[in-house]
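A.B. asks: A predicted structure for the sequence below; I have some questions about it.
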Amino acid sequence: MRKVVRGFYAVAYSVKLCKPNVICAYPITPQTEISENLAEMYANGELENCKYITAESEFEAASILVGASATGARTFTATCSQGLILMSEVLINAAGMRLPIVIVNTNRALSAPLSIWNDLQDSMLLRDSGIIQIYVEDNQEVHEMIPQAYKIAESTMFPTMICMDGFKLTHAYEPIDLLDQETVDGFLPPYEPPIKLSIDEPLTFGAYAPPHCYMEFRYKMHKDMLNAKNKIEDVFKEWGEIRRDWGGLIEFKEGKTVLVSLGSLVGTMKEVAKEMGLGYLKVRTYRPFPYDEIREALKDCDNVVVFDRAVSFGYEGVLTIDIRNALYGESPNVYSFIVGLGGRDVPKEVMEDCVSKVLSGRAERYRFEGLKDFEEVTY
Amino acid sequence: MFFGKGHSACYGCPLPIAVRNVLEALDGRCFVVNPTGCLEVTSSQYGRSAWGVPYIHSTFENAPSVASGISYALEVLGRENEGYVVVFAGDGATADIGVGYLSSMLHRNDNVLYICLDNEAYQNTGNQQSSQTFLGASTTTTPAGRVIPGKTLRRKDMIAFALAHGTPYVATSSIAFPRDLRRKAKRAVEFVGSKYIHVHCPCPTGWHFDPSKTVEVARLAYETALFPIVEFEYGRLVRVKKIKRRKPVEEYLKVQGRFRHLFKHPEGGRIISELQRIANENAMRFGLD
Ligand SMILES: Cc1ncc(C[n+]2csc(CCOP(=O)(O)OP(=O)(O)O)c2C)c(N)n1
Ligand SMILES: [Mg+2]
């Protein structure tokens, strides 16, 4: 069924089709409408076998899901920005406990200064948390990614976070080919946890580990996260067969100069690449990081132009750090453009300007693009 | 065994006494949630867990929420008759860092038995004060110094806190009275919704008394009315443990290193009389004499 809906509805509707058992979230712009839509479905009796819980903070929402997930429930939450970082102690804990919680993060800038607008600083901050991160380009992709995220989470036993750009996607109207229950049921079986809290088989969850065994847990986590790449690809492939092929861990089009980005910026990036006859690379799965795929794709090109929307203060753009590392020992020049922080618009012209700087040899290793003149205070 | 095998609590630790009695009273049909703290660290080491019941530790502050999540999951998965959801949490986890989450759990009246094991400080990290530390107690963050005579603030009233949320069952108990604790655990789970039991757990290591005296110290706290033993159902006081011959607070204070300075410090007399006033107030408020 094709329907013009807003991003948050595309999410909520898909979540409903995945039949979660416990949903718990806390309002924060621009996520709020996802949880409101789910609350409405709950109030109308449309969520079978499901409890929708109002929490008093994101930290609590995540904690409730830890208990529910460990008991064998399929769980869902959505958040962003201050909410995501407030959740982070719990989510990192859930990753270590290998609980397959599914999270939608509606990417939003971090405070201070306070901003409700979009960039990727929030989810990028959780890069090293043991949470799978998948970035989507548009609302059709997020709609179809939700069942896939459950399958990924439940086959890898990692929390899985879908990152969608706040406002740019959440509040955008788009015609969406809505999934139906039959398709989702055929693809996503009910959650059968390998272990759970139960009286018959009492287990200790969240044990503490002294130096003689802690490291093995973390090694195992890392190894499984690397192996998750294959599982994610399998899930993507399976989805491609029953529904639509969105590509693998990356989407790549060759070129001498290749533009790289993730999230909704990819739409603009593809346009620019097409008009200027360049290649592009869309990073779909950010953790686990598709190191081999990216290296293979980019190693023979001349220029790699990364559009970053998160900064590692005191170093450079966050995605760029990873791209450079993937290309270690290879010859492409990698340029980083930090754009769009706190919702600053990134029109095609800005990207084109970045590219022409690169092509005319005027680009630096990294640069903030689209800055206005301002009066600097010195400390 | 529901709890005990291989735990590494200190000599004289009151926590295993409380845990064992509650689990036995409930026949081990418990999903235990335990925040970071002494009990967790001494019982949940990987490969040598002391728990014979399903157990989860997540963080220091979120035990109430994790418990809520378990209780919702059991309900929605049709497993609500499998067992009770029971939190064993320290006073710091309960009254300080996790108090907001406890409030939220009580507000939703989630079907959880919450047991606070009150050893009146952050013992796991070496006896730092909590909001449950008594006035005058010397802890590592409220040390008795030449000027300041230990803790200067009064205790946060967690019973009033639990009652203020309309919690159906609220009680206090003490490891000095295992029968009382067992009865209350059993009584508590007859109520649907949230149940809160605050259990006094004197800590020989942090309070500086001989590990053979744990029960004796707990008993003195009750006999001086510094720790009243009470029981509320639907907000109504239904029972108190009366004190036959109430003792002056000095009898409780003088057996513990953490209060020793009160008998020498220029401010000590004032604090002792304030503690006596609190004890008298408890006795009046609950009709303990
Ligand atoms: C967020 C966070 N802050 C601080 C700590 C350190 N910490 C661990 S246990 C603890 C104190 C526990 O006190 P309490 O809840 O009273 O339990 P007890 O050990 O006294 O039984 C502290 C401060 C932590 N683990 N997590
Ligand atoms: Mg304590």
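C.D. replies: Here it is on my side, so go on. Residues are numbered from 1 along each chain as shown, chains lettered A, B, ... in the order given. Ligands and ions are numbered 1, 2, ... in the order given.

A.B. asks: helices of chain A, residue ranges please.
C.D. replies: A:7-17, A:32-43, A:58-70, A:81-96, A:121-125, A:139-156, A:181-187, A:214-242, A:265-276, A:291-298, A:318-326, A:348-359 (DSSP state H).

A.B. asks: buried deepest among those, which one?
C.D. replies: helix A:58-70 (a mean of 31; mean count of other Cβ atoms under 10 Å in any protein chain shown). To be clear about C-beta, it is placed using only N, CA and C from the backbone, and glycine gets the same treatment.

A.B. asks: where in chain A is pLDDT low?
C.D. replies: Chain A contains no residues with pLDDT under 70.

A.B. asks: let me see the contact set for the residue in it positioned nearest to ligand 1.
C.D. replies: Ligand 1 sits closest to A:E89 of chain A, with a gap of 6.6 Å, by Cβ to the nearest ligand atom. If you count contacts by Cβ atoms under 8 Å, 6 or more residues apart in numbering or on different chains, A:E89 has them with A:F59, B:T59.

A.B. asks: how about the one 10 residues further on?
C.D. replies: Shown here is A:L99, whose contacts under the criterion Cβ under 8 Å, 6+ apart are A:L65, A:V66, A:S69, A:A70, A:M157, A:P159.

A.B. asks: ditto for A:D122
C.D. replies: A:C80, A:S81, A:L84, A:I85, A:N105, A:N107, A:R108, A:A109, A:L110.

A.B. asks: nearest to B:S130 among those residues?
C.D. replies: A:I85 (26.1 Å; Cβ to Cβ).

A.B. asks: I'd say that closest one and A:L110 touch.
C.D. replies: Yes - assessed by Cβ atoms under 8 Å, A:I85 is found in contact with A:L110 at 6.9 Å.

A.B. asks: what's the overlap in contacts for the two?
C.D. replies: With Cβ under 8 Å, 6+ apart as the test, A:I85 and A:L110 both reach A:D122, A:L125.

A.B. asks: dump the residue contacts of the nearest residue to B:P14 once chain neighbours are set aside.
C.D. replies: Of all residues not flanking B:P14 in the chain, B:C201 sits nearest, at 3.9 Å (Cβ to Cβ, 6 or more residues apart in numbering or on different chains). Applying Cβ under 8 Å, 6+ apart, we find B:C201 in contact with B:P14, B:L15, B:A18, B:L117, B:D118, B:N119, B:I175, B:A218.

A.B. asks: same thing but 6 Å
C.D. replies: For B:C201, the contact set (Cβ atoms under 6 Å, 6 or more residues apart in numbering or on different chains) comprises B:P14, B:L117, B:D118, B:N119, B:I175.

A.B. asks: so which of those are in strands?
C.D. replies: Members of the contacts of B:C201 lying in strands (criterion: DSSP state E): B:L117, B:D118.

A.B. asks: and which of the contacts of B:C201 is nearest to chain A?
C.D. replies: Distances from chain A to the contacts of B:C201, taken as Cβ to the nearest Cβ, are shortest for B:L117 (17.9 Å).

A.B. asks: stretch A:238-255 spans what distance, first to last residue?
C.D. replies: Length of stretch A:238-255, first residue to last, Cα to Cα, to the nearest Å: 29 Å.

A.B. asks: and for B:E190, the neighbour number?
C.D. replies: 10 (other Cβ atoms under 10 Å in any protein chain shown).

A.B. asks: helix or strand for it, which one?
C.D. replies: For B:E190, there is no helix or strand it lies in under DSSP states H and E.

A.B. asks: for chain A, see how far away it is.
C.D. replies: 19 Å (Cβ to the nearest Cβ, to the nearest Å).

A.B. asks: roughly how far apart are the residue of the stretch 151-289 of chain B found nearest ligand 2 and B:A93?
C.D. replies: Residue nearest to ligand 2 within the stretch 151-289 of chain B (Cβ to the ion): B:C203, separated by 7.3 Å. Taking Cβ to Cβ, to the nearest Å as the measure, B:C203 falls 15 Å from B:A93.

A.B. asks: quick one: which of those two has more around it?
C.D. replies: Neighbours per residue (other Cβ under 10 Å) separate B:C203 from B:A93, with B:A93 holding more: 31 against 26.

A.B. asks: list the contacts of that one.
C.D. replies: B:A93 is in contact with B:P35, B:G37, B:F60, counting by Cβ under 6 Å, 6+ apart.

A.B. asks: count of neighbours near the residue nearest to A:P202 when sequence neighbours are not counted?
C.D. replies: Closest residue to A:P202 apart from its sequence neighbours, by Cβ to Cβ, 6+ apart: B:P54 at 4.6 Å. Neighbour count of B:P54, defined by other Cβ under 10 Å: 26.
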